[in-house]
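Q: Sequence first, then the predicted structure:
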Amino acid sequence: MSKIAVIGAGSVGATTAYTLVMKNLAAEVILVDINEAKEEGEVMDINDALSFVETGKIKGGSYEDAAMADVIIITAGLPQKNGEQNRLELVNKNKEIIRSIFGQLKPLNPSAVIVIVSNPVDIMAYYAQELSGLPRTQVFGTGTSLDTARLRTEIGLALDVNPQSVSGFVLGEHGESEFVAWSTVNVGGVPIREKLSQDRIDEIAQKVKDDAKNIIDRKGATFYGIAAVVSDVVESILLDQDKVLPISTRLENHSGISGVCLGMPAVIGRQGIKEIWNLELVGSEKEKLRQSAEAIRQYIL
């Protein structure tokens with residue numbers, strides 16, 4: 001009987017829990033939050049959907065309950081403030097929240113896979129790997145998966161095709177220094193540069209980078225897209241699907257980069273990261289990846 005724990009019952013955590021229930025990915029979903037009333041309310045609300053799905057149970061729980069889950073998703077943390085700070089400015093406060101969470105996740109299921117969603121996700125994934133005591137392959141962040149989903153959607157809209165027909169990745173930091181690796185992007189096997197002009201390509205890249213800010217400006221937070229991303233990652237874990245997803249994990253001697261977590265494609269299965277997928281990036285993309293690594297490295301203390 002598979003169990004998923006979601007730590008954090010804010011907008012992202014609650015929407016993620018709901019999405020996991022609706023996709024029937026586990027027998028039990030456990031929601032944990034320090035605000036017990038909010039946790040209880042979200043559980044009651046999601047409970048109303050159980051008669052429409054195959055998921056057996058959604059319940060509130062303790063850190064001890066969450067520690068024994070097959071997949072542990074951490075969304076807890078202070079959100080990005082509207083127009084006042086970028087993700088990297090959240091580091092110190094959210095690092096302490098992550099530290100507190102792992103101090104309570106005991107005894108931790110040694111085969112658990114931990115997915116970090118809290119921002120800045122690359123840095124929080126790094127600290128989660130340090131604090132968990134688990135192999136690094138079992139602890140990683142959502143990385144640039146959401147940015148890649150946005151890219152696929154924008155290209156699909158531009159070409160009037162289903163976004164699922166679009167392949168390619170946004171890489172690096174989930175934030176200001178992220179970049180589209182256009183050399184990896186194709187639609188139905190056709191390189192993107194044969195379908196779109198350079199001006200349109202540049203416009204799409206900027207829109208993908210600005211999407212989070214634009215959504216936050218209008219509604220205060222982003223949570224539907226990231227919840228879909230998390231459910232996709234969890235599906236690949238629990239069903240051992242071996243999807244290649246751009247998650248955030250520690251790079252060591254990869255493209256000349258070591259010691260930081262960045263969004264890079266990796267094969268995701270039941271044990272977590274099976275391997276980092278080796279991309280043949282062009283020279284300018286390799287440089288952008290190094291720049292992204294350095295943007296993050298200054299916050300790793």
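A: Perfect, thanks for sending it.
Q: All the strands of the stretch 201-301 of the chain, residue numbers only.
A: With DSSP state E, counting those that start in this stretch as the criterion, the stretch 201-301 of the chain has strands at 243-251, 260-269, 272-276.
Q: Which other helices and strands does the second one contact?
A: Spelled out, it's strand 260-269. Counting contacts by 3 or more Cβ pairs under 8 Å, 6 or more residues apart in numbering; DSSP states H and E, strand 260-269 packs against helix 121-132, strand 139-141, strand 166-171, helix 224-238, strand 243-251, strand 272-276, helix 283-297. In short, each C-beta sits where N, CA and C put it, glycine included.
Q: quick one, which of these is packed in tightest?
A: With neighbours taken as mean count of other Cβ atoms under 10 Å, the helices and strands packed on strand 260-269 reach their highest mean count in strand 139-141, at a mean of 28.
Q: what residues does it touch?
A: When contacts are defined by Cβ atoms under 8 Å, 6 or more residues apart in numbering, strand 139-141 is touched by residues 113-117, 121-122, 124-125, 128-129, 132, 174, 247-249, 261, 266, 272-273.
Q: What separation do you get for Glu154 and Arg218?
A: Per Cβ to Cβ, to the nearest Å, Glu154 is found 17 Å from Arg218.
Q: Counting neighbours around each, name which of those two comes out higher.
A: Just comparing Glu154 and Arg218: by other Cβ atoms under 10 Å the higher neighbour count belongs to Glu154, 20 against 8.
Q: what about Leu108, how many residues close to it?
A: 18.
Q: do Val6 as well
A: Neighbour tally, Val6, other Cβ under 10 Å: 35.
Q: I'd like the distance between it and Val282.
A: If you measure Val6 against Val282 using Cβ to Cβ, the figure is 39 Å.
Q: give the contact list for the nearest residue to Arg297 once chain neighbours are set aside.
A: Once flanking residues are discounted, Arg297 sits nearest to Val260: 5.3 Å by Cβ to Cβ, 6 or more residues apart in numbering. Contacts for Val260 (Cβ under 8 Å, 6+ apart) come out as 122, 126, 250-251, 293, 296-297, 300.
Q: mind running it again at 6 Å?
A: Val260 sits next to 293, 296-297 when contact means Cβ atoms under 6 Å, 6 or more residues apart in numbering.
Q: sorry, back to before: same list, the strands of the stretch 201-301 of the chain, but as a markdown table with mean pLDDT please.
A: Formatted as a markdown table, the strands of the stretch 201-301 of the chain follow (pLDDT from 0 to 100):
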| stretch | mean pLDDT |
| --- | --- |
| strand 243-251 | 97 |
| strand 260-269 | 98 |
| strand 272-276 | 97 |
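Q: returning to that earlier point: want to throw the helices and strands packed on strand 260-269 into a markdown table with distance to Ser11?
A: Converted to a markdown table, these look like this (distance: least, Cβ to Cβ, whole Å):
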| stretch | distance to Ser11 |
| --- | --- |
| helix 121-132 | 16 |
| strand 139-141 | 18 |
| strand 166-171 | 23 |
| helix 224-238 | 9 |
| strand 243-251 | 21 |
| strand 272-276 | 26 |
| helix 283-297 | 25 |
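Q: Please name whichever of these is nearest to Ile73.
A: helix 224-238 (6.0 Å; Cβ to Cβ).
Q: Low-confidence stretches in the stretch 1-150 of the chain?
A: 80-88 (pLDDT under 70).
Q: mind listing the helices for it?
A: Assigned helices in the stretch 1-150 of the chain, in chain order: 11-22, 36-47, 63-67, 91-104, 121-132, 145-159 (criterion: DSSP state H, counting those that start in this stretch).
Q: Out of these, flag the one nearest Asp202.
A: Shortest distance between Asp202 and the helices of the stretch 1-150 of the chain, using Cβ to Cβ, is found for helix 145-159: 12.0 Å.
Q: what residues go with each domain of the chain?
A: When the chain is parsed with automatic domain parsing, its domains come out as 3-141, 145-297.
Q: The last one: end-to-end distance?
A: The separation between the terminal residues of domain 145-297, taken as Cα to Cα, to the nearest Å, is 21 Å.
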